[in-house]
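A.B. asks: sequence below, structure please.
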Amino acid sequence: MDWIKRLQNSIDHIENHLLEDLSIEEVAETAFVSSFHYQRIFSLLTGITIGEYIRKRRLARAGQEIAGSDDKVIDIALKHGYDSPESFSKAFARFHGISPAAARSPGSSLKSFSPLVLKITIEGGLTMDYRIENKQEFKVLVMSRMFTAESSSAEIPKFWNEFFGKGCDRVACGRFGICCPPEKGSRQFKYSIGNYLNETSVDPSDLPSGFEILDIPAGTWAVFPCVGPMPDSIQNLWKRIYSEWLPTSGYEIVAGFDVEMYTRGDVDSADYKSEIWLPVKKK
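C.D. replies: Numbering: from 1, shown residues only. Got it, this is the predicted structure:
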């Protein structure tokens, strides 16, 4: 329950400061979690990114103000975080389906977008397999690329296709997909594909072009087995971890490397096996 309360506190913070210059880091701090994990959790639980949510809440409020006041459009645009009437009008029309000027016509139709309220819903006694492991430090040979939370769901699969398409798996098979902890204040994070260094034939002093070595520190991990076709099965497991396991587990996530471990086989098969490794600590 504490976990859900912390997320709700962050949503309430957004609402109370909606017209201010909100940063993801500031919002994440109200939930006592890193900005990277907060963005992932928010998207998994709500189906939209935190940036989309803030934009839609602002545009919904802007629509109410335009329809219910005589304030200048430029003043309302600036108030809701837009630098010019043009950028505001485009965003307003995409959301409401009409221009700000048309919104002031009698009988015009606007869209609403209510603040989120998180609730726990009991849907049945579903089991979730997991184990807690203390892992020693290990090294991974990887190819990496930078992503944003908004672009990652569409761009990371393209990165995987490129990795295999270029034959990079012959250097380091794609055993791991790793989300690296972002630097404080950064809106990007590094995502890496690769394998244990000691399972490759690469000399660490002479790395192939485009590859690097990640040092994954020793720590405690919650390991969740996953069975089913990619990517739906592992995406569904991420959602269950955050919505079902984390609120009642007695553990909390810590800043670190989030790991997806893949096996050889048909990724479209109903019995394809993979795992999620999540760095955690006891509450």
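
A.B. asks: find the nearest non-adjacent residue to Ser43, please.
C.D. replies: Leaving aside its sequence neighbours, Ser43 sits nearest to Thr49 (CB to CB, 6 or more residues apart in numbering; 5.3 Å). C-beta here means a position set from N, CA and C on the backbone, and glycine is covered the same way.

A.B. asks: what about the one you found, distance to Ala149?
C.D. replies: 6 Å (CB to CB, to the nearest Å).

A.B. asks: for the stretch 101-250 of the chain, what spans make up the helices?
C.D. replies: Under the criterion DSSP state H, counting those that start in this stretch, the stretch 101-250 of the chain contains helices at 149-165, 232-240.

A.B. asks: counting by contacts, list what the helix or strand following the last one packs against.
C.D. replies: Under the assignment DSSP states H and E, the closest C-terminal helix or strand after helix 232-240 is strand 251-253. If you count contacts as 3 or more CB pairs under 8 Å, 6 or more residues apart in numbering; DSSP states H and E, strand 251-253 packs onto strand 273-282.

A.B. asks: check which helix or strand Asp21 maps to.
C.D. replies: When elements are defined using DSSP H and E, Asp21 is found to belong to no helix and no strand.

A.B. asks: show me what contacts it?
C.D. replies: Contacts for Asp21 (CB atoms under 8 Å, 6 or more residues apart in numbering) come out as Gly81.

A.B. asks: show me the shaky parts of this protein.
C.D. replies: Low-confidence segments of the chain (pLDDT under 70): 1, 120-126.

A.B. asks: what separates the residue nearest the centre of it from Ile50, distance-wise?
C.D. replies: With distances taken as CA atoms, centre = their mean, the residue of the chain nearest its centroid is Arg40 (2.2 Å). Going from Arg40 to Ile50 by CB to CB gives 10 Å.

A.B. asks: the stretch 101-250 of the chain: strands as residue ranges?
C.D. replies: Listed in chain order, the strands of the stretch 101-250 of the chain (DSSP state E, counting those that start in this stretch) span 131-135, 138-148, 176-179, 188-196, 211-216, 219-227.

A.B. asks: burial of the residue nearest to Ser43, as a residue count?
C.D. replies: 20 (other CB atoms under 10 Å).

A.B. asks: returning to that earlier point: gap between the residue nearest to the centre of the chain and Ser151?
C.D. replies: For Arg40 relative to Ser151 (CB to CB), the value is 13 Å.

A.B. asks: then Ser186?
C.D. replies: Counting by CB to CB - Ser186 and Ser151 are separated by 14 Å.

A.B. asks: excluding chain neighbours, what is closest to Gln136?
C.D. replies: Leaving aside its chain neighbours, Gln136 sits nearest to Ala218 (5.1 Å; criterion: CB to CB, 6+ apart).

A.B. asks: okay, and the residue nearest to the centre of the chain sits in which element?
C.D. replies: Assigned by DSSP H and E, Arg40 falls in helix 35-46.

A.B. asks: for that helix, packing partners?
C.D. replies: Helix 35-46 sits against helix 2-16, helix 24-30, helix 50-68, helix 149-165, helix 232-240, with contacts defined as 3+ CB pairs under 8 Å, 6+ apart.

A.B. asks: give me the residues contacting the fourth one.
C.D. replies: Right, helix 149-165. Residues contacting helix 149-165 (CB under 8 Å, 6+ apart): 24, 36, 39-40, 43, 49-52, 143, 145, 147, 169, 174, 177, 187, 189, 191, 193, 231.

A.B. asks: okay, buried residues for that helix please.
C.D. replies: By neighbour count with 16 or more other CB atoms under 10 Å, helix 149-165 contains the buried residues Ala149, Ser152, Ile156, Phe159, Trp160, Phe163.

A.B. asks: I'd like those written out as CSV, with distance to Leu197 added.
C.D. replies: Converted to CSV, the buried residues of helix 149-165 look like this (distance: CB to CB, whole Å):
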residue, distance to Leu197
Ala149, 29
Ser152, 25
Ile156, 22
Phe159, 20
Trp160, 20
Phe163, 17
